[in-house]
Structure formats: C-alpha cells, structure tokens
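Undergrad: Got a sequence here, can you model it:
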Amino acid sequence: MKQIESSRTIRAIVVDDESLARSGLCMRLEKYPQIQVVQSCQNGKEALVAIAELAPDLVFLDIQMPGFTGFDVVKRLQQDNMPAIVFVTAYDAFAVDAFTANAVDYLLKPVEDDRLENTITKVTEHVSRKEAAMEKQRLLDIVIKLTGKSSSAINQLLQSVGENSQYSDRIAIKDGSSTTFVPVKDIDWVDAAGDYMCVHVNGQTHIMRTTMKELEAQLDPNIFQRVHRSTIVNLHRVEKVSSHINGEFHLTLSNGSSLKMSRSYKDKVKRFF
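TA: Numbers count the residues shown, from 1 in each chain. Purely as a prediction, here's the structure:
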C-alpha cells in the first residue's frame, strides 16, 4: 500500500504491559516522520490518564493486559474525543472484536514491517478524513454566524442548489461503440489532458473527447467551478481550502485528492463559503 503523507504530526501513545513490546514498537515508529510518540503506558489505567491529559490522535493499544484490557480502555473513552485506535495483540482470535470496537486497524504480534506500514497509511488517511470533516463543520459554523440561519436551513439550501436547473443531471461519455452515462452529481473533478477531458468519478477516470469550454457549458456553475485553466471542481466535494504564500490555494476533496487553485482564479474562494 502506498504510504500517504500527513499534513501534520500525528501524536501517538503506545500501551502495552510488556516493556520490550512497548520499546520495540516505539523504536519502529521512529521511521515514520508523521508519527510522534508522546507517551508509552504499561497498563489500561495509565492509558486512560494519558489520553485524557494529552488528547492524542492515535493509540496503539494492547488487548490483553492485567486490570483493564484494551477493550475496557476503549469503553471508558469519551466518544466525542476518541483517538484513532490500533489494537495490538498476540492472538488473532480478537480480530472480529477489535473491528467491532471501531478500531482503525489490528496488528498481530510479532508485527511485520509491511503490515505496520499499511497500518500507518490507514491511520494517516483516517486522521485526514477526520480533520476534513472538522474543517467543514468549522466553515459551516462561520456561515451560520454570518447569515443567522440554522444549520438545517443552510443544508437544505445546499441540497436544493441545482434543482429545476437547465443543466442535465448526467453527461454521455462515448468510448468506441459504447456510451457511458455519468451522473453529474457523482463527478469529483475534471482536468484536461490535451484534446481530452479526464472526468473523475468515485475513484474512476472516464476519458471524454471535448474541450474544457464545451464541458464547462454542460455543468451547473453553482456546483462546478473552474479553479485552474485545466481543472473544474465539484464544490460539494471540497472539504478544505488552504492558502499558500505564493497566492495559490490548495483544495482538499472529500476523497482525499488535492487540487491546486491558481492565483488567477482566487476570487472563486468565496464560492466555498
């Protein structure tokens, strides 16, 4: 699995009643620059105190420990500030229970290098999605304060955008003798590749022979906006807008994709609020 880079450091706690296991995992995590181990704990009670005080993003949690087990620790955590949990154990019989407890992943001792790398990738993606959701809520709160409207009213307004529109609810993409009809609402973004348009839809890319101008004319501007001379984005997919010193913006989509908004289109930023 390809390792995903995190935009910030992921603060982690390692919990295991075996000293060698704790120190070994902490040492192996040093190879991942996005992971910072802020504390290690030898039992569940210590873990609960450390989590309450440090509010980590991630906890590597042994399941079988004297006193509080790993599952006991999770049951006692506050759900509104739950860190990502990766269970670590020597017994694969706990796998189903681990995922029932909404763990991000499950590591079996002795932990293999490839398996640990896959876990770090999953954790990084999980933390990024969580941050994007929090950022979207923060932006929604700002809009609520500025407009005085309720959250439900704003959501209804967003959902109604494009209804009864002159624009089609799907586009036809020809491929040889066959034609694929793609629902417009499912399009994440579109970018140009020479004389072709790459239409990105739910993880798939459809190739369409047309011009950017022609395709843009088929899409509702209330939903789709040009953010670069060769890129059109679905505004509903934008989870985060980040500014850069050079005047450009980077857009993070709900599927984790990152798009660049050039300076000449920076006036479009207001469309995201």
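
Undergrad: residues making contact with stretch 27-34?
TA: The contact list for stretch 27-34 (Cβ atoms under 8 Å, 6 or more residues apart in numbering) reads 5-6, 8-10, 12, 14, 35, 37, 111, 113, 116, 120, 124. C-beta here means a position set from N, CA and C on the backbone, and glycine is covered the same way.

Undergrad: let's see it at 7 Å
TA: Stretch 27-34 is contacted by residues E5, S6, T9, I10, A12, I35, V37, L116, I120, T124 when judged by Cβ atoms under 7 Å, 6 or more residues apart in numbering.

Undergrad: can you map out the helices along the protein?
TA: 19-29, 44-54, 70-75, 95-100, 113-147, 151-160, 212-218 (DSSP state H).

Undergrad: For the third one, buried residues please.
TA: Buried positions in helix 70-75, judged by neighbour count with 16 or more other Cβ atoms under 10 Å: G70, F71, V73, V74.

Undergrad: Next: the second one.
TA: Within helix 44-54, the residues that count as buried by 16+ other Cβ under 10 Å are G44, E46, A47, L48, A50, I51.

Undergrad: closest to S264 among these?
TA: In terms of Cβ to Cβ, no member of the buried residues of helix 44-54 lies closer to S264 than I51, at 46.5 Å.

Undergrad: dump the residue contacts of the closest one.
TA: I51 sits next to I13, V59, L77, P83 when contact means Cβ under 7 Å, 6+ apart.

Undergrad: Inside strands: which ones of the residues you listed?
TA: Among the contacts of I51, the ones falling in strands (DSSP state E) are I13, V59.

Undergrad: With pLDDT added, can I get the contacts of I51 in TSV?
TA: Below are the contacts of I51 laid out as TSV (pLDDT from 0 to 100):
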residue	pLDDT
I13	97
V59	96
L77	86
P83	90
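
Undergrad: Between the contacts of I51, which sits nearest A90?
TA: Using Cβ to Cβ, V59 comes nearest to A90 of the contacts of I51, at 18.1 Å.

Undergrad: Bridge partners for that closest one, pull those for me.
TA: The partner list for V59 in beta bridges (DSSP bridges) reads I13, I85.

Undergrad: Next up, the contacts around it.
TA: In this structure, V59 makes contact with A12, I13, V15, A47, I51, P83, I85, judged by Cβ under 7 Å, 6+ apart.

Undergrad: one more time with 6 Å, if that's ok
TA: Residues counted as contacts of V59 (Cβ atoms under 6 Å, 6 or more residues apart in numbering) are I13, P83, I85.

Undergrad: Columns distance to Y91 on top of the buried residues of helix 44-54, output as JSON lines?
TA: Listed next are the buried residues of helix 44-54 as JSON lines, based on distance: Cβ to Cβ, whole Å:
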{"residue": "G44", "distance to Y91": "17"}
{"residue": "E46", "distance to Y91": "22"}
{"residue": "A47", "distance to Y91": "19"}
{"residue": "L48", "distance to Y91": "23"}
{"residue": "A50", "distance to Y91": "24"}
{"residue": "I51", "distance to Y91": "24"}
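
Undergrad: Lovely, talk soon.
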